[in-house]
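Asker: have a look at this prediction, sequence included:
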Amino acid sequence: GAGVSQSPSNKVTEKGKDVELRCDPISGHTALYWYRQSLGQGLEFLIYFQGNSAPDKSGLPSDRFSAERTGGSVSTLTIQRTQQEDSAVYLCASSTLSGQASFFGPGTRLTVL
Amino acid sequence: GIQVEQSPPDLILQEGANSTLRCNFSDSVNNLQWFHQNPWGQLINLFYIPSGTKQNGRLSATTVATERYSLLYISSSQTTDSGVYFCAVEGRDSSYKLIFGSGTRLLVRP
């Protein structure tokens, strides 16, 4: 596609529920990244994919967070048993190759009540 | 880990003025990028600039990697330049993750 797309744009959920966030990168981009942005923590790295593999999962805050990428394209970030501190904007980015210019999607605003 | 500091934290300009934003980083980097986050939250890539100088219209950027800083110049500012400007770096550990500074919040008044 023309740019990185993410869905949903907004998600409100109750504490303890599971959520899935989707990212569709720019066509042909092999690298995909997830970040989150919150008032207290700024922009922080979560996970990075090169193709379908995730060489760096160091930024995932807990084992409630997981992500996968299939077909070298769409990625899903799953948060299980959501907590209020998970409330943030989750941003996805892609680049042609790892370490090249990153292009961000519009984000998913997650609110955990 | 690598530290990224941006200054000033806040900046208010009159339309038409010029400004310089600074980004200091604490260690050698593989790449450095500048982003503009508009008032709707969209992050827009302005420059991929691990070293040297680039220009794009009224914006230009210079990175002096040996001295661990980068500068973003905005000339003849417009109200649409308002938002937050982020510097982000990838450390030499080749982890490909970007470490973001805390940003410079710019308001351009008409």
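Answerer: Thanks, I have the structure now.
Asker: what about the strands in the chain?
Answerer: This is for chain A. Counting by DSSP state E, chain A has strands at residues A:5-7, A:10-13, A:19-24, A:31-38, A:42-50, A:53-56, A:65-69, A:75-79, A:88-95, A:103-104, A:108-112.
Asker: let me rephrase: I mean chain B.
Answerer: Remark: strands assigned in chain B by DSSP E are B:4-7, B:10-14, B:19-25, B:29-37, B:43-48, B:52-56, B:59-64, B:69-74, B:83-91, B:99-100, B:104-109.
Asker: relative to the third one, what are the paired strands and their orientations?
Answerer: I take that to be strand B:19-25. strand B:4-7 (antiparallel), strand B:69-74 (antiparallel) (DSSP bridges).
Asker: low-scoring stretches of the chain, by residue?
Answerer: Just so you know, I chose chain A. By pLDDT under 70, the weakly predicted segments of chain A are A:1.
Asker: nope, chain B
Answerer: Within chain B, the ranges that satisfy pLDDT under 70 run B:94.
Asker: point out the residues in it that sit beside chain A.
Answerer: Taking Cβ under 8 Å from any Cβ of the partner chain as the measure of proximity, chain B contacts chain A at B:30-31, B:33, B:35, B:40-45, B:48, B:86, B:88, B:90, B:94-100, B:102-103. In short, each C-beta sits where N, CA and C put it, glycine included.
Asker: for ChimeraX, write a command that selects the buried ones of the residues you listed.
Answerer: Here is the ChimeraX command that selects only those of the residues of chain B next to chain A that count as buried (16 or more other Cβ atoms under 10 Å in any protein chain shown):
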select /B:30,31,33,35,42,43,45,48,86,88,90,95,96,97,98,99,100,103
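Asker: tell me the centre residue of chain A?
Answerer: For chain A, the residue nearest the mean C-alpha position is A:Trp34 (3.6 Å; Cα atoms, centre = their mean).
Asker: return the residues in contact with that residue.
Answerer: Neighbouring residues of A:Trp34 by Cβ atoms under 8 Å, 6 or more residues apart in numbering or on different chains: A:Cys23, A:Phe45, A:Leu46, A:Ile47, A:Tyr48, A:Ala67, A:Ser75, A:Leu77, A:Tyr90, A:Leu91, A:Cys92.
Asker: buried residues, stretch B:60-80. List them.
Answerer: The neighbour-count check on stretch B:60-80 (16+ other Cβ under 10 Å) flags B:Ser60, B:Ala61, B:Thr62, B:Thr63, B:Ala65, B:Arg68, B:Tyr69, B:Ser70, B:Leu71, B:Leu72, B:Ile74, B:Ser77 as buried.
Asker: is it possible to get JSON lines of the strands paired with strand B:19-25 that adds distance to A:Lys57?
Answerer: Shown next, in JSON lines, are the strands paired with strand B:19-25 (distance: least, Cβ to Cβ, whole Å):
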{"stretch": "strand B:4-7", "distance to A:Lys57": "22"}
{"stretch": "strand B:69-74", "distance to A:Lys57": "29"}
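Asker: which residues does A:Arg69 contact?
Answerer: Listed by Cβ under 8 Å, 6+ apart, the contact partners of A:Arg69 are A:Leu32, A:Phe49, A:Gly51, A:Asn52, A:Ala54, A:Ser75, A:Thr76.
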